[in-house]
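**Q** This is the structure alone, sequence omitted:
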DNA sequence: AGAATAGGTAGGAGATTTCCTACCAGTCAA
DNA sequence: TTGACTGGTAGGAAATCTCCTACCTATTCT
């Protein structure tokens, strides 16, 4: 769980997740084409994502396909839950204030 | 937005947010009491949270009250949206598979 | 078998993070 | 005004992160 937040802290890794979401599973080369970065660095980012459980790796021939594994993101969503209630309450307060205003 | 993910990457900062959510606004000393950490380090964490827009600071006398500002978390929630659809689809797939099994 | 391809590991440089001690500035109380 | 209190800044050490180049392994194609 802690690893998930740490994994999400890096923009390249968030972009990797986005690519995997949009295009489905991809070999490393195809992912790498979209970054101005050497492959070893990409490999490192993919390893971090894998350690956080955010992607899976499946070797096929000499390629390795990476796929999104969104379950840990669900934990992030659950973590957000209590805060979500808080900001909804704030919005409700705001609405109440606005409703109370004249000329509206 | 990037700052928000970076701010959430640290466990101490997530704990600070949790304390502010549970107890409402608090002066630094009261927050510091719950960490085994010197105050300058806490100050630094609070600064990061403030820069990310996750807390507000209000000086009253010689104290500074920090309060949760959950709006940036809403952006995180929005960012999660597309992935949430993905994992719900996965759950639906799983349910379908389970429904298709005999002996159930 | 030999060459090409996919993608990893090793190791290191530089930047950033996270903690610390020492000290400073503002506020309040005697 | 002096002393105590709150909480910040300055600066630095150690750890970690993010990138790199060089090289290795496994697979496939000829």
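**A** Received, thanks. This one's a predicted model, so the numbers in the text were calculated from it and none came from an experiment. Numbering: from 1, shown residues only, chains lettered A, B, ... in the order given.

**Q** For chain A, which residues are neighbours of DNA strand D?
**A** The interface of chain A toward DNA strand D, taken as CB under 7 Å from any atom of the strand, is made up of A:6, A:9-10, A:12, A:36-38, A:40-41, A:44-45, A:48, A:61-62. Any C-beta I mention is one placed from the backbone N, CA and C, and that applies to glycine too.

**Q** Between all of these, which two are separated the most?
**A** Across the residues of chain A next to DNA strand D, the longest distance by CB to CB is 33.3 Å; it joins A:9 and A:61.

**Q** quick one: buried residues of the helix or strand harbouring residue A:45?
**A** Element membership of residue A:45 [criterion: DSSP states H and E] is helix A:39-51. Buried positions in helix A:39-51, judged by neighbour count with 16 or more other CB atoms under 10 Å in any protein chain shown: A:42, A:45-46, A:48-49.

**Q** remind me, longest helix of chain A?
**A** Here the longest helix in chain A is taken by residue count, with DSSP state H as the criterion, and it is helix A:71-100.

**Q** same for that helix, what does it pack against?
**A** In terms of contact count using 3 or more CB pairs under 8 Å, 6 or more residues apart in numbering or on different chains; DSSP states H and E, helix A:71-100 is assigned the packing partners helix A:2-8, helix B:11-23, helix B:71-100.

**Q** rank those helices by pLDDT, which is bottom?
**A** Sorting those by mean pLDDT places helix B:71-100 lowest, at a mean of 85.

**Q** And residue A:52, how close does it get to residue B:43?
**A** Per CB to CB, to the nearest Å, residue A:52 is found 29 Å from residue B:43.

**Q** Between residue A:9 and residue A:61, which has more neighbouring residues?
**A** Ranked by neighbour count (other CB atoms under 10 Å in any protein chain shown), residue A:9 and residue A:61 place residue A:9 first, with 19 against 6.

**Q** Contacts only, for that one.
**A** By CB atoms under 8 Å, 6 or more residues apart in numbering or on different chains, residue A:9 lies in contact with B:5-6, B:8-9.

**Q** That one: what's its closest spatial neighbour, skipping adjacent residues?
**A** Leaving out its chain neighbours, the residue that sits closest to residue A:9 by CB to CB, 6 or more residues apart in numbering or on different chains is residue B:9, at 3.8 Å.

**Q** Tell me the pLDDT of the one you found.
**A** Residue B:9 carries a pLDDT value of 97.

**Q** Alongside chain B, which residues does chain A contribute?
**A** Of all the residues in chain A, those in contact range of chain B (CB under 8 Å from any CB of the partner chain) are A:2, A:5-6, A:8-9, A:11, A:14, A:17, A:21, A:68, A:70-71, A:73-74, A:76-77, A:80, A:82-84, A:86-87, A:90.

**Q** buried stuff in stretch A:12-30?
**A** Buried residues in stretch A:12-30, counting neighbours by 16+ other CB under 10 Å, are found at A:13-14, A:16-17, A:19-20, A:25-28.

**Q** and the two most separated of those?
**A** Considering CB to CB, no two members of the buried residues of stretch A:12-30 lie farther apart than A:14 and A:27, which are separated by 19.9 Å.

**Q** Quickly find the element holding residue A:65.
**A** Assigned by DSSP H and E, residue A:65 belongs to strand A:63-68.
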